[in-house]
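Predicted model and sequence below, questions to follow.
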Amino acid sequence: MLAGKRVLVTGGTGSFGKEFCKNVLDNYDVKKLIVYSRDELKQFEMQSNPIFLEAYNVNKLDFFIGDIRDEKRLMMAFKGVDIVIHAAAMKQVVACEQNPFEAIKTNILGAQNIVNAAIECGVKDIVALSTDKAASPVNLYGATKLASDKIFVAANNLSGSSDVKFSVVRYGNVMGSRGSIVPFFKKLVEEGSKNLPITDTSMTRFNISLEDGVKLVIFALKHMWGGEIFVPKIPSYKVTDIAQAIAPDLGTEIIGIRPGEKIHEDLISETDALNAVEFESHFVITPTISDWSIEEYAKNGPLGIGKICKHGFRYSSDNNPDFLEIPQLQELTKEYKG
């Protein structure tokens, strides 16, 4: 699957990108792994990191300065590439609300550029990262990622006689990632805060580790037919329980919902469920326009026999049967720093 291939990851210097590169270099004999990003300082820091230094020195790991807004630059980077993992995005909800045109340029037009460059350069497999905020979006970040998802799913019908395949993986909050709640709370504790800010006491979120996010992408690469949105079955947590797990002796302060924020997140909306198939550890949202049907996928698909979701089904962080308790959260959060 990855052995002997040239693999490029956009946004490769971010939290996911670095974890993906580490996993690939440790477990697969790729011909070349290319990090595509626009921040030269982060690329330099990654090149100098002992985790990546050996691969860089033997020319197995390469770095390419570029922006996904720049289609011509993507064309240059994609030449000879077999697999593209698209992780670059504007991801902060409030930043997207405050800078809507920039979010559209990166998350929507950037996705269009990825598709065009991949088809033009003969890339074989593309997996794009999405978010639970793309299901029933109420903020601009979610709306742009929903549009991005639609672009990648539809791209399978735009490639003509090419055998290129595009798929999407959609998951929830990544524990400990840059800008997430765990390092934010821990930083406040280190600074001597007397209270932790809570936007709403009933708020819930899905949870996934960086490692499991990478595994999901590799799972999608291995099994995709093209056009699927892969959704993992992952646990949820209450935001108040995260606060208790990190600082049980501190109080909380209710500050109200931030711009664009939801009380609960969906991974599969009721509308998504009309085209969704449930398997043991995953859901798959099948494309509405495809050479194969949802019935065929459920009976003869690459994941074995699945169950088509019932009308009205919804997979959300509040109706999830799997919730993390405070002792579990204490164990999961202890490795992260503020």
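Nice, I can see it. Residues are numbered from 1 along each chain as shown.

check contacts around V138.
Counting by C-beta atoms under 8 Å, 6 or more residues apart in numbering, V138 touches G260, K262. (C-beta placed from N, C-alpha, C; glycine too.)

Isn't D322 up against I208?
No: with contact defined as C-beta atoms under 8 Å, D322 does not reach I208; the gap is 11.8 Å.

Counting neighbours, go ahead and name the busier of the two.
Neighbour count, other C-beta atoms under 10 Å: between D322 and I208, I208 has more, with 19 against 11.

for that one, which residues make a bridge with it?
Beta-bridge partners for I208, by DSSP bridges, are V174.

list the contacts for it?
Contacts of I208 (C-beta under 8 Å, 6+ apart): Y171, G172, N173, V174, M175, L216, P232, I234.

Overlap in contacts, D322 and I208.
Joint contacts of D322 and I208 (C-beta under 8 Å, 6+ apart) are I234.

residue ranges with poor pLDDT in the stretch 151-300 of the chain?
161 (pLDDT under 70).

Contacts only, for the spatially most central residue of the chain.
For the chain, the residue nearest the mean C-alpha position is L129 (3.7 Å; C-alpha atoms, centre = their mean). Going by C-beta under 8 Å, 6+ apart, L129 touches F16, I85, H86, A87, A89, V168, V169, G213, V217.

One more pass at 10 Å, please.
When the contact criterion is C-beta atoms under 10 Å, 6 or more residues apart in numbering, the partners of L129 are 9-11, 16-17, 20, 85-89, 91, 145, 148, 168-171, 213, 216-217, 220.

Dihedrals phi and psi, it?
Per-residue torsions, L129: phi -80, psi 140 (degrees, to the nearest 10).

Bridged to it, which residues?
Bridge pairing for L129 - DSSP bridges - gives V169.

So which residues of the stretch 151-300 of the chain form strands?
165-171, 173-174, 195-198, 204-208, 229-232, 236-238, 251-254, 266-268, 276-278, 282-285 (DSSP state E, counting those that start in this stretch).

Need those strands in JSON lines (columns: distance to A135).
Shown next, in JSON lines, are those (distance: least, C-beta to C-beta, whole Å):
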{"stretch": "strand 165-171", "distance to A135": "7"}
{"stretch": "strand 173-174", "distance to A135": "14"}
{"stretch": "strand 195-198", "distance to A135": "24"}
{"stretch": "strand 204-208", "distance to A135": "11"}
{"stretch": "strand 229-232", "distance to A135": "9"}
{"stretch": "strand 236-238", "distance to A135": "14"}
{"stretch": "strand 251-254", "distance to A135": "26"}
{"stretch": "strand 266-268", "distance to A135": "4"}
{"stretch": "strand 276-278", "distance to A135": "11"}
{"stretch": "strand 282-285", "distance to A135": "9"}
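
Surely N319 and S236 touch.
Yes: in terms of C-beta atoms under 10 Å, N319 counts as a neighbour of S236; the distance is 8.9 Å.

okay, those two: which has more neighbours?
Using other C-beta under 10 Å as the criterion, N319 and S236 rank with S236 on top: 23 against 12.
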